[in-house]
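Novice: Below is the structure, and that's it, no one-letter string:
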C-alpha cells in the first residue's frame, strides 16, 4: 500500500471518528428537529468515512466492492439529510419534495445492496496505486449522481438566499458559517466521484469534509456565536488535536499490526475518549443541579428580585423588600440591613425581618468600628465561621473584635454594599433554617445582589433628593407668585382696615353726640346705630380673615393625604386667590358644567388649587397679550372651564382664547424656568413644570396641551376619580 492510499484511508478514519463524536455530542446537547436531522447527516457522513477507511485497506476487488456497496448507503442519504436540514433551518416548507428525496435514497440504497440491475458492480485499481475504486456502472448510477448534485445545490441555494435576506445580526452570521462550510465540504466531497469517471487521482477531499462537519455543527449548536474566526479556530484546533492524538496512534497500530479485530475496540475507545469530557461535564452538571436544586431555586429568586429593585424609589420600602426577600427566598432565620446615616455618622438599622429566633438587634454601630474598617480594606463578604477561625488561629485582636460584633448581630454572612468606593450599607444574614452553610456559589449570587442593591439605594436616595428639590422649587414658585400678588392683597386688607376705622369713628361720634341728656328714645336710636356698626365690623373682620385664610391655604406645602376633592370647590378657592394678582373684570369665566353632577377627584386640595391657580393665571396673561398685540375691537377674553367624567377618570379642561403658543416653543413649555410671557418679571417659568409634576407624578394623572398661535390654548387634565 503506497503513501497516497494510506492517506486516503486515514482521511476516512478521521472522518468516521469525527462524525461519530459529533453524533454523540448532538445526541446530548441537540434538542430541536434541526439538531436531529443534522445528527442523521453526520451519521451518514461517518458511515461513508468508515467505508473509505476499509476500502483503502481492501486487498482485492471483491472485498472492495462489498465495502463500496454497503458504504454507498451513506452516500445516497447525505444529500437528502442535507437538503432536509436546509429547508427546516431556513423555515421553508418542501414536504413533498423531501418525501421524494427520501424515496429515491431508499431506492438507490436497495439497488446498491442487490444485483437486481447493474448499479454498483465494477471496481478497478486507480492507475499507479493499489486502491480498488468504484467505476461508473451505467445510467442508473449517473442518475443517482445527478440527483445527489441537485439536492446539494438546492440546499446550498436555500441557505445562500436566506443569508442574503438577513440584513444583519446573529442569524446572518450563522448562515455565513453554514454557507462557507457547505462550500468547503461539498467541494471536497465531489472529489470522491472523480475516479468513478476515469480520473486517475486518489480523492483527498474527505479531510475538508471533516473540517466542514465540525464548523457546521458548531454553528448550529452555538446560535449566539458572533465571530466566524472563533468557529474556524475551534474547529481547526479540534481537528488537528484529535488527528494527532487519536488518528496517528491508530494508524501506527494499523501499520504495525495490520488489519484485525483490534481496530474495533481501539476505534471505539478513541470515540469514547473524545466524547468523555462532554459526557463528564454533562453528568457533572446534572448531578450538581440535583444536589443544589434548592440553592439554585432561591438564587434565581434573588436574581429576579435584584432586577426589580431599581423600580422602588422609596428607600424604606426598598430596604424592607430586600430583607423580606432574603429571609423567605433563602429560608434564613433573619436578615438585617444597616445603612450609613450622614447626620449621626453611624450605620443605623434601616430594616429587619425576623422569621424565627428571639433576637434583640443593635440599632447602630460606629463607622470607626473594626467591622467597618475590615470591609473598607477587604471589600469582600464575611462568613462568620471563617472569621472566627482566623481570629483563633492568628490571635489577632482586631479579628476578635470583628467576631464579637458579628455575634451581637447574630449574623452568619455579612455582605457589604459600596457606592463609589464608599461603604453605604451592610446586609446581615442569619443562619439557614435547613442548617446548611453558605457556599461559594451563594457568595457569587450575593455579590450580584449587592451590586444591584447599591444601584437601587443610590436611585432611591437620588429620588428623595430630587423630590425635596422639587418641593423647594414648588414653594419658591408659590412665594414668587405671592410677591406679584402683594399689591392686590395689601389693597384688599387696607380696605378692610379703612372700613373698620370709618365704622369705629362713626360709632364714637354717635356716642359723644348723645352722651349728655340722653332720653330713653334717644338711647334706643344710639343702640340701633351701634348694632349696625358692629355688624359691619364683624363682616369686615370675616372678609379679612377669609383673605388671610386663602393666602395661608395657598402657601401651604400640601403635605396632607389624598381624599375625595370637589373640583368646583378647588376652582372657587383658586379664583379667590387669583383675584389678588389679576384683574378679574377684564375677562369672562364660563363654567360649562353642573357642580352637582361632576365626579369627585382623588387628590390633594392644596396641590390642585395650585394647579388651577396657575392655569387661570396663564390663561389671563395669554388673553391680555392677544388683546394688547392684535387690538381686535370685538375681542372678548374668555376662559372656559369644563369638568366631566370620562371612563375611569375625570377630565378638566381650561380653554382660553389668548395668544396661543408658537410651534417652536411647544416642546419647551414644561421645562423649568422657560417662559413665553412678554416680561420675564411676570413669570418664573415654573408654572407649567409645577402643574405637570403635581398632576402626573403626585396624582398619577395626565396633562395635555393643544394650542394654536393667535387662536388660543386648551389644557386638558386627566385625574383619577375618587372611589366610594
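Specialist: Cool, got the structure. These figures come from a predicted structure and were not determined experimentally. Residues are numbered from 1 along each chain as shown.
Novice: Could you point out which residue ranges in the stretch 1-150 of the chain have low pLDDT?
Specialist: By pLDDT under 70, the weakly predicted segments of the stretch 1-150 of the chain are 1-3.
Novice: how about a cut-off of 50?
Specialist: 1 (pLDDT under 50).
Novice: Would you mind giving me the confidence score for residue 418?
Specialist: Per-residue pLDDT puts residue 418 at 85.
Novice: Please read the previous query as pertaining to residue 541.
Specialist: 59.
Novice: low-confidence ranges in the stretch 451-600 of the chain?
Specialist: Using pLDDT under 50, the flagged stretches of the stretch 451-600 of the chain are 487, 491.
Novice: how does it look with 90?
Specialist: Applying pLDDT under 90 to the stretch 451-600 of the chain flags the ranges 451-563, 570, 572-585, 596.
Novice: One more: the stretch 201-350 of the chain?
Specialist: 201-335, 337, 339-346, 348, 350.
Novice: Mind doing that once more with 50?
Specialist: 223-228.
Novice: What's the local residue count around residue 698?
Specialist: 17 (other CB atoms under 10 Å). Yep, even glycine has a C-beta here, placed from its N, CA and C like the rest.
Novice: make that residue 527, sorry
Specialist: Neighbour tally, residue 527, other CB under 10 Å: 11.
Novice: so which strand or helix has it?
Specialist: Assigned by DSSP states H and E, residue 527 belongs to helix 520-555.
Novice: next one: residue 31
Specialist: Going by DSSP H and E, residue 31 is not part of any helix or strand.
Novice: Could you report the neighbour count for it?
Specialist: By the criterion of other CB under 10 Å, residue 31 has 9 neighbours.
Novice: Going forward, the N-terminal residue is numbered 22.
Specialist: Sure, I'll start numbering at 22, so the last one becomes residue 52.
Novice: Residue 733 versus that one, what's the distance?
Specialist: 64 Å (CB to CB, to the nearest Å).
Novice: Kindly report the same for residue 427.
Specialist: Between residue 427 and residue 733 the computed distance is 69 Å (CB to CB).
Novice: ok, back up a step: ok, and what's touching the very next helix or strand once past the helix holding residue 548?
Specialist: Using DSSP H and E, the helix or strand that directly follows helix 541-576 along the chain is strand 584-586. Here strand 584-586 makes contact (CB atoms under 8 Å, 6 or more residues apart in numbering) with 621-626, 629, 743, 745.
Novice: likewise stretch 367-378?
Specialist: 336-337, 340-341, 343-345, 347-349, 352-362, 382-388, 393, 431, 446-447, 451, 454.
Novice: Next, the buried residues of that stretch.
Specialist: By neighbour count on 16 or more other CB atoms under 10 Å, the buried set for stretch 367-378 is 367-368, 370-376.
Novice: what's the answer for stretch 658-665, then?
Specialist: In stretch 658-665, counting by 16+ other CB under 10 Å, buried: 658-664.
Novice: what do you get for stretch 87-107?
Specialist: So stretch 87-107, judged by 16+ other CB under 10 Å, has buried residues 88-107.
Novice: next one: stretch 633-652
Specialist: So for stretch 633-652, counting by 16+ other CB under 10 Å, buried means 633-648.
Novice: So for that stretch, mean pLDDT?
Specialist: 89.
Novice: what does stretch 444-460 give?
Specialist: Stretch 444-460 comes out at a mean pLDDT of 82.
Novice: got the end-to-end distance for it?
Specialist: End-to-end distance for stretch 444-460: 24 Å, by CA to CA, to the nearest Å.
Novice: With distance to residue 597 and secondary structure as added columns, please give the buried residues of stretch 367-378 in TSV.
Specialist: Listed next are these as TSV, based on distance: CB to CB, whole Å; DSSP: H, G, I helix; E, B strand; the rest coil:
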residue	distance to residue 597	secondary structure
367	49	strand
368	51	strand
370	48	strand
371	45	strand
372	45	strand
373	49	strand
374	50	strand
375	53	strand
376	56	coil
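Novice: Out of those residues, flag the one nearest to residue 160.
Specialist: Checking the buried residues of stretch 367-378 against residue 160 by CB to CB gives residue 376 as the nearest, at 82.6 Å.
Novice: Kindly give a single ChimeraX line that selects the buried subset of the contacts of strand 584-586.
Specialist: Buried members of the contacts of strand 584-586, defined by 16+ other CB under 10 Å, are picked up in ChimeraX with:
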select :622,623,624,625,626,629,743
